[in-house]
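Colleague: Pasted the sequence and its predicted model underneath.
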Amino acid sequence: MKKLTGMIAFTCLLGLGLNAQVKEDVSKAATKAGNKTEQVASKTKSAIVDNKYKDKVGPHGETIYIDHDSKYYYVNKKGRKVYVAKAKLKDKKD
């Protein structure tokens, strides 16, 4: 009887551990998908509403947009606008 109880307890603990790992993986995947969706939506809105700066790129090669206040920004991986000083922009390589 003790062995059976021990085996059941071990199986339950193992199941809880695997369940927690699955929940964490699903949570990470959902966060990643949400960030990508936000990035695409933000870039699409920026392309429609604001002007693209054709001759310059961001510090890491990002597309630069110019908003209605003549401020330069790019959209990061989480879909947020990151404003950049004009001095930090790089020439676009073809």
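Modeller: Structure's in. What do you need? Remember, predicted model here, so these are calculated numbers, not experimental data. Numbers count the residues shown, from 1 in each chain.
Colleague: tell me the SS of residue 79?
Modeller: Assigned with DSSP: H, G, I helix; E, B strand; the rest coil, residue 79 falls in the coil class.
Colleague: For it, give me its contacts.
Modeller: By C-beta atoms under 8 Å, 6 or more residues apart in numbering, the contact set of residue 79 is 35, 37, 38, 39, 40, 41, 42, 43. (Each C-beta comes from the backbone N, C-alpha and C, glycine too.)
Colleague: go again using 10 Å as the cut-off
Modeller: By C-beta atoms under 10 Å, 6 or more residues apart in numbering, the residues touching residue 79 are 34, 35, 36, 37, 38, 39, 40, 41, 42, 43, 45.
Colleague: What is the nearest of these to residue 83?
Modeller: Nearest to residue 83 out of the contacts of residue 79 is residue 42 (C-beta to C-beta; 13.6 Å).
Colleague: Count the neighbours of that closest one for me.
Modeller: 17 (other C-beta atoms under 10 Å).
Colleague: Residue 23 now?
Modeller: The burial count for residue 23: 10, using other C-beta under 10 Å.
Colleague: try residue 46
Modeller: 20.
Colleague: Read off the pLDDT value for residue 54.
Modeller: If you check residue 54, the pLDDT there is 91.
Colleague: Confirm it sits in a strand?
Modeller: Yes - assignment of residue 54 by three-state DSSP places it within a strand.
Colleague: Chain neighbours aside, what residue packs nearest to it?
Modeller: residue 92 (7.3 Å; C-beta to C-beta, 6 or more residues apart in numbering).
Colleague: Need phi/psi at the one you found.
Modeller: Residue 92 has phi and psi values of phi -80, psi 130 when expressed as degrees, to the nearest 10.
Colleague: Any regions of this structure where pLDDT drops low?
Modeller: 1-20, 22, 94 (pLDDT under 70).
Colleague: hey, where'd the helices end up in it?
Modeller: With DSSP state H as the criterion, the chain has helices at 2-49.
Colleague: about what we covered before: which of the contacts of residue 79 are buried? Put it as a PyMOL command.
Modeller: Those of these that count as buried under 16 or more other C-beta atoms under 10 Å are selected in PyMOL with:
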select buried, resi 38+39+42+43
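Colleague: how about residue 77, phi and psi?
Modeller: When read as degrees, to the nearest 10, the backbone of residue 77 gives phi -70, psi -20.
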